[in-house]
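Q: just the structure for this:
(one chain, ligands or ions: 1)
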Amino acid sequence: MLTFENLTLGYDRHPAVHHLNATIVEGDFIALVGPNGAGKSTLLKSILGQLTPIEGRVVFNGIGKNDISYLPQASAVDRTFPITAEQFVATGLWQELGAFGQVKKHHRERIHLALVKVGLAGLEHRTLDALSGGQFQRLLFARKLMQQARLLLLDEPFSGVDEQTVEDLMQVITDLHSNGATIVAVIHNLSLVRRYFPRALLLSRELIAMGDTAQVLTPDNLNRASSLGFADELDPEICAVHDHA
Ligand SMILES: Nc1ncnc2c1ncn2[C@@H]1O[C@H](COP(=O)(O)OP(=O)(O)OP(=O)(O)O)[C@@H](O)[C@H]1O
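A: Numbers count the residues shown, from 1 in each chain. Alright, predicted model coming up:
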């Protein structure tokens, strides 16, 4: 579905991800793991076409932009916008309806089902600013449910969210995967990764390991990832030496 070919990404020519070669296959359910600053969000941005590679490329096999849905970190979403939970979930129908399409009764039923699925039934008419952090995260997932994307990219969907919400939303993700979606999620909580994600990609500016989660999240690999990951703000010269050492 997606191949990273010798992919080097960065900002102002300062590499954040180095010479990555890896493949995401259709039906993957994979966690993107690594220390702070490892390049995980940067890698998602490159899949979304928001960042031009310094070197290498992302190859899309049989999927287009419209097949990809992205859930940013909750903190990146503006909650002061004066709309209700129902109206917010309806914005997930944008691709289906176009800019001027009307939300009809059958759409409203789908919205209601999505809200039930994420445990928010009854809160349809609440405005966004009147939802708790966990409820808002549930709402973001309800909107994702409207889009029926083939590839779902999630960037740390559970930061600052209570345990019950995590469990409920992991169930929603698992259901989406069972219905055919490919899942790529940045997750910091390793026990969650071990429990739910069959595959993992451990990144620390460069690829440390990718494959079955148990084989990727070994003490050796995690030590290697943290020793590379905390060497913050490498300059391109140091990077070149490191790459070819
Ligand atoms: N817009 C930007 N401009 C300049 N540098 C950036 C920008 N965004 C990220 N970086 C740098 O690129 C590197 C990788 O950042 P990235 O956000 O991809 O890491 P991450 O693995 O997602 O980290 P975290 O787990 O802390 O969210 C970091 O050194 C970061 O400071």
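
Q: find the nearest non-adjacent residue to the residue most central in space within the chain, please.
A: Taking CA atoms, centre = their mean, the centroid of the chain lies closest to Leu154, which sits 1.7 Å from it. Spatial nearest neighbour of Leu154, chain neighbours left out: Ala185 (4.0 Å); criterion: CB to CB, 6 or more residues apart in numbering. Where C-beta positions appear, they are placed from N, C-alpha and C, glycine not excepted.

Q: so what's that neighbour bridging to?
A: Ala31, Leu154 (DSSP bridges).

Q: touching, it and Phe197? I think so.
A: Yes: the pair Ala185 and Phe197 qualifies as a contact (CB atoms under 8 Å) at a distance of 7.4 Å.

Q: what touches both of the two?
A: Common contact partners of Ala185 and Phe197 (CB atoms under 8 Å, 6 or more residues apart in numbering): 30-31.

Q: against the ligand, how distant is Asp162?
A: 20 Å (CB to the nearest ligand atom, to the nearest Å).

Q: again with Phe60
A: 20 Å.

Q: residue contacts, that residue?
A: Contacts of Phe60 (CB under 8 Å, 6+ apart): 1-2.

Q: residues of this protein that sit close to the ligand?
A: 11, 16, 34, 36-42, 232 (CB under 6 Å from any ligand atom).

Q: one step back: and the gap between the residue nearest to Leu154 and the ligand?
A: 12 Å.

Q: ok, Leu151 next?
A: 18 Å.

Q: do Glu86 as well
A: 31 Å.

Q: same question for Val161.
A: 15 Å.

Q: again, but for Pro82
A: 29 Å.

Q: would you enumerate the residues in contact with the nearest residue to that residue once chain neighbours are set aside?
A: Nearest non-adjacent residue to Pro82, counting by CB to CB, 6+ apart: Thr127, 6.3 Å away. By CB under 8 Å, 6+ apart, the residues touching Thr127 are 82-85.

Q: mind checking which of those residues are in helices?
A: Ala85 (DSSP state H).

Q: in contact with Thr165, which residues are there?
A: Thr165 neighbours (CB under 8 Å, 6+ apart): 134, 137-138, 158.

Q: now those as TSV including secondary structure, neighbour count and pLDDT?
A: Converted to TSV, the contacts of Thr165 look like this (DSSP: H, G, I helix; E, B strand; the rest coil; neighbours: other CB atoms under 10 Å; pLDDT from 0 to 100):
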residue	secondary structure	neighbour count	pLDDT
Gly134	helix	20	89
Gln137	helix	24	90
Arg138	helix	24	92
Phe158	coil	21	88
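
Q: that concludes my questions; thank you for your assistance.
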